[in-house]
Every structure is written in structure tokens, then in C-alpha cells.
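>>> Got a sequence here, can you build the structure:
(one chain, ligands or ions: 1)
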Amino acid sequence: MFKTEVRACRRCSLCCDTIQPVPGRGPRRSRIAIVGRNPGGTENRLGFPFNPEAPAGAELAQMLAAAGLQRRDVYLTNVVKCFIHGNQAPTSLECAFCARMWLWNELAALPRLKLLVLCGNEALGALLGLTGIQRWHAKPLYVAAQGDEATLPVRGDIEWPLTAPLRVLPILHPAAALRRPELRALAEQDVAAFYDEVAALESAT
Ligand code: SF4
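Here you go, the predicted model:
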């Protein structure tokens with residue numbers, strides 16, 4: 001039902017460029033969710049996020065494999081559900097609007113969610129109100145449940161409607177090191193940090 005609603009969304013002008021909005025995909029009982037920016041050309045055409053036929057999806061699959069996971073083990077989604085002409089980045093306003101429409105509800109519908117991976121500046125900004133992914137990447141954060149004292153240095157007015165405590169791992173977007181080889185070393189730190197988070201999750205169960 002949720003996916004059908006997302007695909008039918010025409011609530012902002014970004015729908016003009018897209019074939020159809022692309023909802024998240026993955027098991028509802030997943031403990032890990034990975035949030036990217038918005039669908040690229042391949043995702044727009046095929047209709048699911050981080051498509052393995054696209055370079056960023058293939059890069060993400062490698063990070064998952066290094067941690068002993070497959071795509072089907074995690075929930076994959078984007079802050080913004082629509083492709084933007086020229087593969088441009090959505091504005092912070094567009095990110096906030098679409099996330100409020102769909103992303104928060106998507107994440108809240110994952111009852112076992114324990115680890116949230118934020119890929120790139122748009123996800124970092126939309127979910128935590130932080131900027132500068134190169135500053136925050138590969139550093140796990142802890143977000144307490146509503147009503148608890150959060151240990152995360154988030155902006156004062158950030159909305160965090162999820163009700164369960166989470167580990168949050170910001171990483172560079174998988175496409176970043178493909179476009180800018182000088183970021184490869186940072187991306188490798190992200191792969192190592194993700195491995196550690198998954199290992200900690202496994203040992204806690
Ligand atoms: S970007 Fe989000 S809010 Fe705007 S039309 Fe697409 S799905 Fe709807």
C-alpha cells in the first residue's frame with residue numbers, strides 16, 4: 001500500500017522529471033536501513049533504489065558483501081523519491097518536504113531497525129540537520145528514543161520522530177568515490193566502519 005502511494009505521489013514539482021517516484025525496497029523486518037539521495041537514471045527507469053546495474057548500486061553491494069550481507073538483507077531507500085533532470089542534487093527544501101512526506105514513515109514502519117546508514121550530505125542534512133559529510137563520515141552516532149536525552153549533537157530544531165534508539169552511521173554516498181577518486185580512501189574508511197557496526201549488531205543478538 002505504502003509503495004503504491006509513493007509511486008502515485010505528485011505533491012511537488014520534482015514529479016515532472018521522473019518516470020515514477022521510487023519507493024524504498026527491502027524486508028520490513030530488516031535491522032539495517034540505508035538512505036541515499038534520490039534515484040539516478042537507472043533507478044528512475046527500473047523503479048528501485050541503489051539498483052545493482054547502476055555504478056552506485058554496485059559500489060554499495062560491495063560494501064554490503066564486505067560485511068557479509070546482500071541487498072536483500074537491508075532496507076534501501078532515498079531521501080527524495082524522484083529523479084531530477086540531469087541527475088542534479090535536490091535542494092534542502094526538496095529533501096525536507098519529501099522526507100516529511102515519505103521517509104520518516106518508511107523508517108518508522110521498520111519495527112526492528114537498529115542501524116541507519118546515511119549516504120551523503122542530503123541524507124545527513126534531512127535526517128540529522130548536519131552538514132559536511134566528510135566531517136561526519138565513518139563516525140557512528142547514537143540517537144536516543146524520544147523523551148530520552150539524545151547523545152547526538154544535532155541541531156536544536158531537528159525533528160526526530162522515530163521512537164526507538166538507533167545507531168546512525170554517516171558515510172559518503174557510494175557514487176562519490178566513483179566521481180572523485182581522491183575520496184577513495186575515505187570510502188574505504190566507511191566500508192570498515194560499516195563492517196564494525198554490522199559486527200556489533202550481530203554480537204548483540
Ligand atoms: S519528490 Fe517526493 S514529494 Fe515530490 S513528487 Fe516526488 S515523491 Fe512526491
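
>>> Which is the succeeding secondary structure element to whichever strand or helix holds residue 65?
Using DSSP states H and E, residue 65 maps to helix 55-66. Using DSSP H and E, the helix or strand that follows helix 55-66 in sequence is strand 75-78.

>>> Which strands or helices does that following strand pack on?
If contacts are counted by 3 or more Cβ pairs under 8 Å, 6 or more residues apart in numbering; DSSP states H and E, strand 75-78 sits against strand 32-36. Heads up, the C-betas are built off the backbone N, CA and C, glycines and all.

>>> Please name the strands paired to the strand it packs on in the sheet, noting orientation.
Sheet pairing of strand 32-36 (DSSP bridges) gives strand 75-78 (parallel), strand 115-119 (parallel).

>>> Buried residues in the helix holding residue 65, which are they?
Neighbour-count burial for helix 55-66, counted by 16 or more other Cβ atoms under 10 Å, picks out 56, 57, 59, 60, 61, 63, 64.

>>> you'd agree the last one is up against residue 74?
Looking back up the chat, that one is residue 64. Yes: at 6.7 Å, residue 64 counts as touching residue 74 under the criterion of Cβ atoms under 8 Å.

>>> quick one: low-confidence parts of the chain?
1, 144-163 (pLDDT under 70).

>>> quick one: the helix holding residue 65 to strand 32-36, angle?
Relative orientation of helix 55-66 and strand 32-36, computed by axes from the mean of the first three to the mean of the last three Cα atoms, to 10 degrees: 160 degrees.

>>> And helix 55-66, what does it pack against?
Under the contact criterion of 3+ Cβ pairs under 8 Å, 6+ apart, helix 55-66 touches helix 176-179, helix 184-203.

>>> To the ligand, which of the ones you listed lies closest?
helix 176-179 (21.7 Å; Cβ to the nearest ligand atom).

>>> Quick one: list the elements packing against the closest one.
For helix 176-179, the packing partners by 3+ Cβ pairs under 8 Å, 6+ apart come out as helix 55-66, helix 184-203.

>>> one step back: export the strands paired with strand 32-36 as JSON lines, with columns for mean neighbour count and distance to the ligand.
Shown next, in JSON lines, are the strands paired with strand 32-36 (neighbours: other Cβ atoms under 10 Å; distance: least, Cβ to the nearest ligand atom, whole Å):
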{"stretch": "strand 75-78", "mean neighbour count": "26", "distance to the ligand": "9"}
{"stretch": "strand 115-119", "mean neighbour count": "25", "distance to the ligand": "17"}
